[in-house]
Structures are given as C-alpha cells and as structure tokens.
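> Take a look and give me a structure for this.
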Amino acid sequence: MTDNSRTGGGIHAGSASYAGRATVIETRKLSRTVQGKLLVDDISLEVKQGEIVAVVGPSGAGKSSFLRLINRLDEPTGGTVYLDGLDYRQLAPRELRRRVGMVMQSAYLFPGTVAENLCFGPRQHGEDLPVQEIDRLLEQTGLEGFAQREVLHLSGGEAQRVSLARTLANKPEVLLLDEPTSALDERAEREIEALLMRVLRDHHLTALMVTHDTAQAERIADRAILIEAGRLILNGSVQEVLNAEPVHH
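Predicted structure coming up:
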C-alpha cells in the first residue's frame with residue numbers, strides 16, 4: 001500500500017517507505033471482553049519502526065481500550081502483542097511500560113516537583129536520572145528552568161509537557177498517545193502537537209495516536225486505522241481512512 005500521494009503535513013513520506021523496516025509492535029487477534037461486553041474484538045495490526053499510526057473512529061468504539069492493551073494497562077482476554085518479535089507476556093509489566101510509554105488526555109502527575117516526576121520512571125529500574133539529563137529533557141519539551149517547579153502550579157499545557165518529558169525519561173521505543181491534546185485550549189493544543197511531531201522525529205519513535213481531530217491526524221500520521229465497535233474496520237492511508245470515518249469532530 002502506498003500513501004505518498006496523500007496531502008497533509010505528516011512528518012514522514014508515507015507508509016510505503018516503511019515496507020523494509022522491522023516490525024516493532026504487532027497485535028495478534030487482540031481482544032478484551034469485560035462483563036460480557038466486547039471492547040476490543042480480534043484486532044491484528046503491525047506497526048513498523050518509526051511509523052506513526054493514527055487510531056480513529058466514533059466515540060466508544062474501543063480506540064482507547066485498544067491502546068491500553070498494548071502496554072498492559074488492561075489485560076487482553078484474547079490474543080497477544082509482540083514487541084520487537086517477543087510476546088509481551090514474557091516481559092515484566094514495568095519493563096514493558098518503560099519500553100512502551102503512554103501519554104494520556106490528562107497529565108497524571110505525581111505530587112512534588114517537575115524533576116521528581118521525571119526521576120520516577122528511571123528510579124523504578126534502579127537508575128538515577130542525572131541533572132544534565134533532566135535539564136536536557138526539559139529543554140527538549142520547552143520547560144527550561146522548570147525542574148524545581150511544583151506540579152500543582154502548572155498550566156494544562158505545561159503539565160502535558162511534563163507528562164511527555166517523564167515518558168521520554170524512560171527512553172521508550174514506542175509512544176502510545178491517547179488524545180494527548182484534546183483537553184487543552186487551542187493554543188496549547190497546537191504547541192503540544194508541534195512538540196510531539198518534533199519529539200517523534202528526533203527520537204525516531206514508533207507511535208500510535210488516538211485522535212478525534214482529523215486535521216491533526218493528517219498533519220502527524222503516516223497511516224491510519226479505523227476502529228468501530230471494537231473491530232479494525234480499515235487500515236490504510238490517512239486520507240482513505242478519514243474519508244471513510246463517519247464521525248468528524
């Protein structure tokens with residue numbers, strides 16, 4: 001499949017350029033049922049190294065549920081996920097979540113300073129984050145001088161930047177982005193989006209991003225998938241999938 005012809009400002013040349021790359025994330029018949037309700041239904045998907053895939057679909061379709069299964073924030077009731085060819089059930093959940101980071105709609109920060117939040121993940125693995133690395137992450141996310149700032153005093157956009165920096169402190173291979181800009185005002189939304197595009201490019205990260213913003217999907221993603229009622233309905237170019245997606249916000 002080639003989507004080089006699509007318009008939009010995606011930061012890569014299209015999914016055809018990923019054909020020869022290694023598969024970083026593969027879901028095989030991934031499913032989750034809770035109290036008889038099928039939230040994710042038999043989804044199989046491959047995502048190549050450095051590829052950015054938008055996950056779209058109507059509200060309640062199972063997009064966030066699908067994302068949460070990929071790093072075992074929720075447990076699948078069927079199927080599994082492979083990370084770099086390894087069944088992720090062979091990894092400790094903490095190690096999996098270090099390698100597959102997640103940025104959610106709202107920044108869930110720990111009480112304390114910005115620096116303490118950045119240090120949390122590495123400390124879980126017995127590592128101390130050097131001051132120079134803290135400063136580098138803060139500079140990279142537009143938060144120079146924020147190390148000792150209390151998180152209670154941050155704006156929504158600043159908190160989301162800290163959330164991203166905290167995730168990057170773990171040196172993830174994959175980023176799961178669950179509507180990371182939808183809780184922000186328009187200015188902060190565009191700033192965080194630009195930051196994400198830069199970080200994804202600079203770190204050569206593989207990413208899956210749930211978004212209701214079709215223009216955002218066009219700007220960022222290389223490819224898109226459409227989920228409806230828990231099922232993968234369409235997997236193709238961003239334009240192809242967005243044209244088929246019935247709910248535009």
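
> okay, CA-based contacts and neighbour counts for the rest of this
Will do.

> burial of T141, as a residue count?
Close neighbours of T141, defined as other CA atoms under 10 Å, add up to 22.

> For the nearest residue to it once chain neighbours are set aside, give its distance to V151.
Leaving out its chain neighbours, the residue that sits closest to T141 by CA to CA, 6 or more residues apart in numbering is R161, at 6.0 Å. As judged by CA to CA, to the nearest Å, R161 and V151 stand 11 Å apart.

> next one: T181
According to CA to CA, T181 stands 18 Å off from V151.

> Show me which of those two is the more surrounded one.
More neighbours surround T181 than the other of T181 and V151, with 26 against 21 (other CA under 10 Å).

> which residues touch the residue nearest to the more buried one when sequence neighbours are not counted?
Using CA to CA, 6+ apart and skipping the chain neighbours, the partner closest in space to T181 is E189 (5.0 Å). Residues near E189 by CA atoms under 8 Å, 6 or more residues apart in numbering: G157, T181, S182.

> do that again at 10 Å, thanks
G156, G157, Q160, P180, T181, S182, A183, L195 (CA atoms under 10 Å, 6 or more residues apart in numbering).

> Surely the third one is within a helix?
When you say that, I think you mean Q160. Yes. Counting by DSSP: H, G, I helix; E, B strand; the rest coil, Q160 is part of a helix.

> So what sits opposite the residue nearest the centre of the chain in the bridge?
With distances taken as CA atoms, centre = their mean, the residue of the chain nearest its centroid is L176 (2.0 Å). Beta-bridge partners of L176, counted by DSSP bridges, are M102, L208.

> Q105 is in contact with that one, correct?
No. Using CA atoms under 10 Å, L176 makes no contact with Q105, being 11.1 Å away.

> Quick check: neighbours shared by these two?
If you check L176 and Q105 against CA under 10 Å, 6+ apart, the residues they both contact are V210.

> As CSV, could you dump the C-alpha coordinates of the longest helix seen in the chain?
Counting residues, the longest helix in the chain under DSSP state H turns out to be helix 186-203. The C-alpha coordinates for helix 186-203 follow below in CSV (Å, rounded to 0.1, in the frame of the first residue of the first chain):
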residue,chain,number,x,y,z
GLU,A,186,-6.4,25.8,21.0
ARG,A,187,-3.0,27.5,21.5
ALA,A,188,-1.7,24.8,23.9
GLU,A,189,-3.0,22.1,21.6
ARG,A,190,-1.0,23.4,18.6
GLU,A,191,2.1,23.8,20.8
ILE,A,192,1.9,20.3,22.2
GLU,A,193,1.2,18.9,18.7
ALA,A,194,4.3,20.7,17.3
LEU,A,195,6.3,19.4,20.2
LEU,A,196,5.1,15.8,19.7
MET,A,197,6.0,16.0,16.0
ARG,A,198,9.5,17.2,16.8
VAL,A,199,10.0,14.6,19.6
LEU,A,200,8.7,11.7,17.4
ARG,A,201,11.1,12.7,14.6
ASP,A,202,14.1,13.4,16.8
HIS,A,203,13.8,10.2,18.8
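
> Could you check how far M209 is from S44?
From M209 to S44 the distance is 17 Å (CA to CA).

> So between these two, which is more surrounded?
The neighbour comparison of M209 against S44 (other CA under 10 Å) goes to M209, with 26 against 16.

> and that one, what does it touch?
Neighbouring residues of M209 by CA under 10 Å, 6+ apart: 52-56, 63-64, 67, 102-104, 175-180, 217, 220-221, 224.

> Run the chain-centre distance for stretch 125-145.
20 Å (CA atoms, centre = their mean, to the nearest Å).

> quick one: buried residues of the longest helix of the chain?
A188, E189, I192, E193, L195, L196, M197, V199, L200, R201 (16 or more other CA atoms under 10 Å).
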